[in-house]
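In: requesting a structural model of the entry that follows:
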Amino acid sequence: MDEGRSRDETTIVAPATPPGAGAVSILRLSGPDAFPIVRRLADIDPAAQPARTLSRCTIRDAAGMEVDTGLAVCFPAPHSFTGEDVVEIHLHGNPILVEETAAAACALGAIPAAPGEFSRRAFLNGKMDLTQAEGLCDLIEARTAASARAALRQLKGGIRDVVVNLRERMLSLLVRMEASIDFSDEEDISSFPVAQVEERILEISVSLSRYLQSYDLGHRLREGAIVAIAGVANVGKSRLLNRLLGEERAIVTEIPGTTRDYLSGELTLSGIPVRLVDTAGLRETEDPVEREGVRRSRQILSEADFALFLLDASRAACDEDRRAYEEVADRPHLLLLNKSDLPPAETGRDFHGGGSRGVLSVSAKTGEGMEAMLQAMTRELVPEGGARMAEAPMTRLRHVNAVKKAVDALSRASLAVGEGLSLEFPAADVREAAEALSELTGEIAPEEVLDAIFGSFCIGK
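Out: From the prediction side, this is the model:
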């Protein structure tokens, strides 16, 4: 890197496609020297090539040796992803070719891109706000179609549109308040009635509070939910996991303690990714391996969003069942009376912890009761409204904290107005609320916040 330049003034290079062999790999360059580098690297003249059009080229290393034949496309600034001059080189999908071409670009003046550096430059150059950058990351990592749709809404500015509208309402209110303060003696400036100030603050607060509720859906779409399958050994936990996943994921035998560690798999409920975890039988054991499995299972239970607790309904519950149930009693759970295909011997009436969401008879062997169980899980795990939404829901705690900060500031403003304080006091609170929303979109963004967000991206994004 030229010591006279800052990093933001250099040209960066990185693969834009995943590592490994494939049909095509794409190498991306962005920065002031992207076009001069590709002129030497790929033997094409960006000034003579139609913009945003693929052109056949021969790729050479810094010494002029041929590396590959491929295609190159140039995106002149500011009409590019990053807002800078960008070049994408399409190579045959051999990792060696990508590595050689990237090394040649570095020999010609580029530097390797850091994680998320392309997206960070796009943000710094005004091509997207922070919520859109996060939406891009979520779109790439989405685990369900509904997750991808929500991320796309965010990438297209769904959160930004909501937040900007609310912020503009705050600024409009602030302008009226400050005009009343600064020009109270002017005859052509009408005063701002206190009742109207209170009404406007309340309207904005209600809108903010309503939008806060979208996080329940947003974080579930993005992060999914964990459901632990719990119970003592040999009650059918592994068979239930296999039944729900539709594959032989876990070993099923009549020997207690077969599952010595947790196993997991994933399914989708109304667009929400759900990780199912088959835990080891909750019992005291002298076997050190099984004991470690039980310890890990208890850890999973403590972190799970929901639990399916199984009883073997073909026998009366024992003390071991009751001790195991204590692990989930006060956490959200569904009591399943498994093995309903056998003569019943247990009703579950003595199992009624504070977290209970009901009792169902099921058969992991035959599939009886599975549909009712999935419906009960959906009611618990999928926020009201399901995966359908008119606007992009908030997906991160960063969003929630910024909106809560704005709500708190407006609450103080309302209190100040109610106490009859001068408008200077509530105006300061309204200004603070507007600034909180600016933090959400990144108009005000400390460097450590940017590092945390873009550092989570992969290289080349």
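In: how close does Ala416 sit to Val194?
Out: From Ala416 across to Val194, the span is 11 Å (Cβ to Cβ, to the nearest Å). Every residue, glycine included, has its C-beta placed from N, CA and C.
In: in terms of neighbours, single out the busier of those two.
Out: Between Ala416 and Val194, counted using other Cβ atoms under 10 Å, the more crowded position is Ala416 (21 against 13).
In: need the CA coordinates for the helix or strand that contains that one. PDB is fine.
Out: Using DSSP states H and E, the element containing Ala416 is helix 397-418. Output of helix 397-418 as PDB, limited to C-alpha atoms (Å, rounded to 0.1, in the frame of the first residue of the first chain):
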ATOM      1  CA  LEU A 397     -30.600  -5.800  19.100                       C
ATOM      2  CA  ARG A 398     -28.700  -2.700  17.800                       C
ATOM      3  CA  HIS A 399     -32.000  -1.700  16.100                       C
ATOM      4  CA  VAL A 400     -34.000  -2.300  19.200                       C
ATOM      5  CA  ASN A 401     -31.600  -0.400  21.400                       C
ATOM      6  CA  ALA A 402     -31.700   2.700  19.100                       C
ATOM      7  CA  VAL A 403     -35.500   2.700  18.900                       C
ATOM      8  CA  LYS A 404     -35.800   2.200  22.700                       C
ATOM      9  CA  LYS A 405     -33.500   5.100  23.200                       C
ATOM     10  CA  ALA A 406     -35.800   7.300  21.000                       C
ATOM     11  CA  VAL A 407     -38.900   6.100  22.900                       C
ATOM     12  CA  ASP A 408     -37.300   7.000  26.200                       C
ATOM     13  CA  ALA A 409     -36.300  10.400  25.000                       C
ATOM     14  CA  LEU A 410     -39.800  11.100  23.700                       C
ATOM     15  CA  SER A 411     -41.200   9.900  27.100                       C
ATOM     16  CA  ARG A 412     -39.100  12.500  28.800                       C
ATOM     17  CA  ALA A 413     -40.300  15.100  26.400                       C
ATOM     18  CA  SER A 414     -43.900  14.200  27.100                       C
ATOM     19  CA  LEU A 415     -43.300  14.400  30.800                       C
ATOM     20  CA  ALA A 416     -41.600  17.800  30.500                       C
ATOM     21  CA  VAL A 417     -44.500  19.200  28.500                       C
ATOM     22  CA  GLY A 418     -47.000  17.800  31.000                       C
END
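In: need the contact list for Arg379.
Out: Contacts for Arg379 (Cβ atoms under 8 Å, 6 or more residues apart in numbering) come out as Arg357.
In: with Glu117 instead?
Out: Counting by Cβ under 8 Å, 6+ apart, Glu117 makes contact with Ile12, Ala14, Phe454, Ile459.
In: walk me through the domains of this protein.
Out: 7-126, 136-214+393-442, 223-381 (automatic domain parsing).
In: need those domains in CSV (columns: mean pLDDT).
Out: Listed next are the domains of the chain as CSV, based on pLDDT from 0 to 100:
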stretch, mean pLDDT
domain 7-126, 93
domain 136-214+393-442, 89
domain 223-381, 84
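In: CSV for these, including distance to Leu450?
Out: As requested, those are exported to CSV (distance: least, Cβ to Cβ, whole Å):
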stretch, distance to Leu450
domain 7-126, 7
domain 136-214+393-442, 8
domain 223-381, 22
